[in-house]
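Trainee: Quick check, what structure comes out for this input:
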Amino acid sequence: MTAPDVIIVGAGLNGLLTARECRQAGLLVTVIDRSAAATPASWAAGGILSPLQPWHEQEATLALARAGRALYPPLVEWLSAVTGIDVGYFACGMLVLAPDNSDEITGWAKQNGETCRLLQDEQLDAAEPAIGDEFNHGLLLPDVHQIRNPRLLKALHQALAGDEVGIVPAAGTVRLLIEGTSCQGVEVDDVGYPADRVVLAAGAWSGQLLADIEPQLPLRPMRGQMLAYEADPGLLRHILLHRRHYLVPRQEGLILAGSTVEDVGFDTATTTAAAQDLQAMAGRLLPPLADPDTRPSLGRAASGHRRRPALYRRPPGGRQAVSELRSFPQRRAAGPGLGTAAGRYHAGPRAVADGRLVCTGTIGRRVNETQPQMVLRP
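Mentor: This is a model prediction of the structure:
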């Protein structure tokens, strides 16, 4: 068996997209699949392809999100051609309801060249007829899109397997093979896999894999709980955002309501308190969701919703923990051959760009010399 050029630990969105970029650059790639533990955040996320409140984000995060937005349509087209899977890419826009900081949002949009339209009274009613009567104005960001995360993961798995990317299931322990100051590969369930380069993309678990390496990567898991409602298609037309809560409409009528942010370690249990709070929020934003006749029971919850727990990885203070390989200017991991693609809190908007950035660091050059260079600055 030929040793891979790069091993990627983690088969969530960051790991698989990094694997795709590396494979397209001509590298032999193996992915260590810790799906049972490492992909809840990718699978259960709402799929909003924008930072939730981009006007509060750092410039580096916004730059990656903008790059990711341009890269998603060709990715979707490629996955459809290769796998036939519809990943649910939906250009629905996001409506920010009754924001307290309208001037800040419109100023951010103008500065960054983003389309932002004020909707009031009749305009708002025409855009979203079913929203709560207490809302009489909102800001529409039409360039915010969404994707179906479970479908995207399935399509990436299938496409990469067909492109000779090795996928190794990890039922038990995974540890890094460190010799001196360099990483020589990965050990999975007591079997060694040598490689010149290793990328950690194991989400909230990446910090545990780096526990014995200096300097430490400061990550901690954050639990997010969501509800899913069945509704008539078209009941909700846009993503709704009110403060830190949101509703995400799927094209067939499913509506996701989210999300909590809980610092409870690796506990993935759902809670009644969170379900009640999210249910109250959803009914306030979209009153038809409070009508039992419009939300038949789904799954475990008798109140007519199903619950989705997820673990996100979040650096202390909310900053992005971006760690690069040895050819990157901001090396955070110890020794040559080791890098990370973790610490991307709500990573979906920039995951494609992240994958290209990590791959560029892995091979020391751009994946495609005809593409613009991507540079991440602190």
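
Trainee: pLDDT of the biggest helix by length in the chain, averaged?
Mentor: Across the chain, the helix with the greatest residue count (assigned by DSSP state H) is helix 59-83. Here helix 59-83 scores 92 as its mean pLDDT.

Trainee: Quick check: nearest residue in space to Gly337, chain neighbours excluded?
Mentor: Leaving aside its chain neighbours, Gly337 sits nearest to Cys183 (4.4 Å; criterion: CB to CB, 6 or more residues apart in numbering). Just so you know, the C-beta spots here come from the backbone N, C-alpha and C atoms, and that holds for glycine as well.

Trainee: Note down every partner strand of the very next helix or strand once past the longest helix of the chain and its orientation.
Mentor: The C-terminal neighbour of helix 59-83 among helices and strands, as given by DSSP states H and E, is strand 94-97. Pairing partners of strand 94-97, with direction, according to DSSP bridges: strand 137-141 (antiparallel), strand 239-242 (parallel).

Trainee: could you dump the longest one to PDB, C-alpha only?
Mentor: The C-alpha coordinates for strand 137-141 follow below in PDB (Å, rounded to 0.1, in the frame of the first residue of the first chain):
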ATOM      1  CA  HIS A 137     -39.400  46.400   9.300                       C
ATOM      2  CA  GLY A 138     -36.300  44.400   8.400                       C
ATOM      3  CA  LEU A 139     -33.100  44.400   6.300                       C
ATOM      4  CA  LEU A 140     -32.900  42.000   3.400                       C
ATOM      5  CA  LEU A 141     -29.500  40.500   2.500                       C
END
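
Trainee: Tell me the buried residues in the longest helix of the chain?
Mentor: 60-69, 71-72, 75-76, 79, 83 (16 or more other CB atoms under 10 Å).

Trainee: thinking again about what came up before, any idea which of the strands paired with strand 94-97 gets closest to Ala353?
Mentor: Taking CB to CB as the criterion, Ala353 comes closest to strand 137-141 out of these, the separation being 19.1 Å.

Trainee: What strand or helix carries Met226?
Mentor: Element membership of Met226, judged by DSSP H and E, is strand 220-229.

Trainee: secondary structure class for Ala11?
Mentor: Reducing the assignment at Ala11 to three states with DSSP: H, G, I helix; E, B strand; the rest coil gives coil.

Trainee: Please name the nearest non-neighbouring residue to it.
Mentor: In space, not counting the residues next to it along the chain, Ala11 is nearest to Asp33; the distance is 4.1 Å by CB to CB, 6+ apart.

Trainee: Quick check: beta-bridge partners of the one you found?
Mentor: According to DSSP bridges, the residues that bridge with Asp33 are Pro169.

Trainee: Closest one of the buried residues of helix 59-83 to Leu17?
Mentor: If you rank the buried residues of helix 59-83 by distance to Leu17 using CB to CB, Leu75 comes first, at 8.0 Å.

Trainee: can you pull the contacts of the closest one?
Mentor: Leu75 sits next to Val352 when contact means CB atoms under 8 Å, 6 or more residues apart in numbering.

Trainee: Could you report the separation of it from Ile48?
Mentor: Distance, Leu75 to Ile48, by CB to CB, to the nearest Å: 16 Å.

Trainee: ok, now Gly283?
Mentor: Counting by CB to CB, the gap between Gly283 and Ile48 amounts to 21 Å.

Trainee: So between the two, which is more surrounded?
Mentor: Neighbour totals were compared for Gly283 and Ile48, and Ile48 leads with 22 against 16 (other CB atoms under 10 Å).

Trainee: Please tell me the pLDDT value assigned to that one.
Mentor: Value listed for Ile48 in the pLDDT field: 93.

Trainee: pLDDT at the closest residue to it other than its chain neighbours, what is it?
Mentor: Ranked by CB to CB, 6+ apart and with sequence neighbours excluded, the top spatial neighbour of Ile48 is Gln146, at 5.5 Å. Note on Gln146: pLDDT of 95.

Trainee: Arg307 now?
Mentor: Each residue has a pLDDT score; the one for Arg307 is 49.

Trainee: Equivalent analysis for the one 3 residues further on, please.
Mentor: Note for Ala310: predicted pLDDT of 54.

Trainee: so the residue nearest to Ala11 touches Pro169, yeah?
Mentor: Yes. The pair formed by Asp33 and Pro169 meets the contact definition of CB atoms under 8 Å, at 5.1 Å.
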